[in-house]
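Q: no sequence for this one, just the structure:
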DNA sequence: GTCTATACGCGGATAGAC
DNA sequence: GTCTATCCGCGTATAGAC
């Protein structure tokens, strides 16, 4: 559930609370009164820190998404064999999606409701680097494949799997271990690493 | 963009409009005035057809999700070899996600905002059958694998890939064909069919 | 089945005191 | 930097005529 950085200025308290509120109820579902309440101040005080609701929302995204990706490079870059680095990446992303509900939900909401500017921010500031690094791995594993698309398959698979959780838990055959990021990461890695061999030699030949 | 059935009763006109509105802006983002406007009636008239906003929302879900899955069985059941049936299923789901924006967005929103009842409805009335059929295919392709989880990987992959579209289109290496359900389906099928061979003989052995 | 009229609380936002 | 007080339009919802 952890989101953003540490300092306990009023501004940061507000942002920490809004991250949770916006993640749970969405932009339109949260009022400035709700936020003020959660932060322990009055609505009027909010406007001392942020011009209006939409600026507060944007600040919340910057706060919530900031520096989440920082531990990734050490996993992906390095001397280890590609399979190991890839598996490490998958595990990292599975853990993020499974553990940080706020983060995962905000991502989902931005995909649905983000305007051009916010999607640009998300693309550039949040996904650009991890995505590039994933593409590099894809090129190494499946040199003749479409690195962009294959990387998106990986992101999509993990993102989608956990986004489906609410109904997945009610579905035939569900067991609690299906929520366990360690297990999911293992099986995703296995499926993808094996599957990518189909793209190692030639582009979309099978059908 | 097509949603739901045909008859042009007022009730159906309302539901058709609300499906679009709720899909685009979410429950809290749409007012009864908006809906009345779109349907060409006054807000008061809405309450002749639906008790309140939340009943209207539930009716919209039932309308939007109703009978979308009907053409699936003929694809999945049949005499064709399993690879072909699986590919057919993947193509069907890719087309649904890529073509029917309303449907895809409502699904995403329900994952985020659905209460217990609505998630139960989604699970039972929308996903139960297609999911079961996918599990059957998984058991045939990867007898020793975890059919529930592998099926969810497939749903998650396709769902997640298209849910990512807004930022995917801004990402390094994007080309328009990455939005083409036919191409995506081909490559997803190839990746998964090949990857599943890793699960054909034993459960999660590789790592 | 749809209208006009209306109730009334909640929404975002501001003024100005402390 | 936070408060109290307040503005005003929009939110859901209803009453009752046609």
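A: Cool, got the structure. Keep in mind the model is a prediction, meaning the values are calculated, not measured.
Q: The closest residue to residue A:145 other than its chain neighbours and DNA strand D, how far apart?
A: With Cβ to Cβ, 6 or more residues apart in numbering or on different chains as the criterion, residue A:145 has its nearest non-adjacent residue at 3.3 Å, and that residue is residue A:199. No exception for glycine: its C-beta is placed from N, CA and C like everyone else's. Taking Cβ to the nearest atom of the strand, to the nearest Å as the measure, residue A:199 falls 48 Å from DNA strand D.
Q: State the helix or strand in which the most centrally placed residue in chain A lies.
A: For chain A, residue A:104 is the residue whose C-alpha lies nearest the centre (Cα atoms, centre = their mean; 5.1 Å). Mapping residue A:104 onto the secondary structure by DSSP states H and E places it in helix A:101-113.
Q: So that helix, near DNA strand C or not?
A: No: using Cβ under 7 Å from any atom of the strand, helix A:101-113 never reaches DNA strand C; the gap is at least 14.5 Å.
Q: Can the helix or strand just after that helix be said to contact chain B?
A: Sequence-wise, the next helix or strand downstream of helix A:101-113 (DSSP H and E) is helix A:116-121. Yes: for helix A:116-121 and chain B, the contact criterion (Cβ under 8 Å from any Cβ of the partner chain) is met by A:119, A:120.
Q: Quick one: distance of helix A:116-121 to the chain centre.
A: Between the centre of helix A:116-121 and the centre of its chain there are 15 Å (Cα atoms, centre = their mean, to the nearest Å).
Q: And stretch A:168-178, by the same measure?
A: The chain centroid and the centroid of stretch A:168-178 are separated by 22 Å, computed with Cα atoms, centre = their mean.
Q: hmm, who's touching that stretch?
A: If you take Cβ atoms under 8 Å, 6 or more residues apart in numbering or on different chains as the criterion, stretch A:168-178 is touched by A:161, A:179, A:183-184, B:119-120, B:123, B:127-128, B:131-132, B:135, B:146-149, B:152.
Q: one more time with 10 Å
A: Contact partners of stretch A:168-178, identified using Cβ atoms under 10 Å, 6 or more residues apart in numbering or on different chains, comprise A:161-162, A:164-165, A:167, A:179, A:183-184, A:187, B:111, B:116, B:119-120, B:122-124, B:127-128, B:131-132, B:135, B:146-149, B:151-152, B:155-156.
Q: So which of these belong to strands?
A: Among these, no member is found in strands (DSSP state E).
Q: For those, which PyMOL command selects only the ones that are buried?
A: The following PyMOL line selects those of the contacts of stretch A:168-178 that are buried, judged by 16 or more other Cβ atoms under 10 Å in any protein chain shown:
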select buried, (chain A and resi 161+162+164+165+167+183+184+187) or (chain B and resi 111+119+122+123+127+128+131+132+135+146+147+148+149+151+152+155+156)
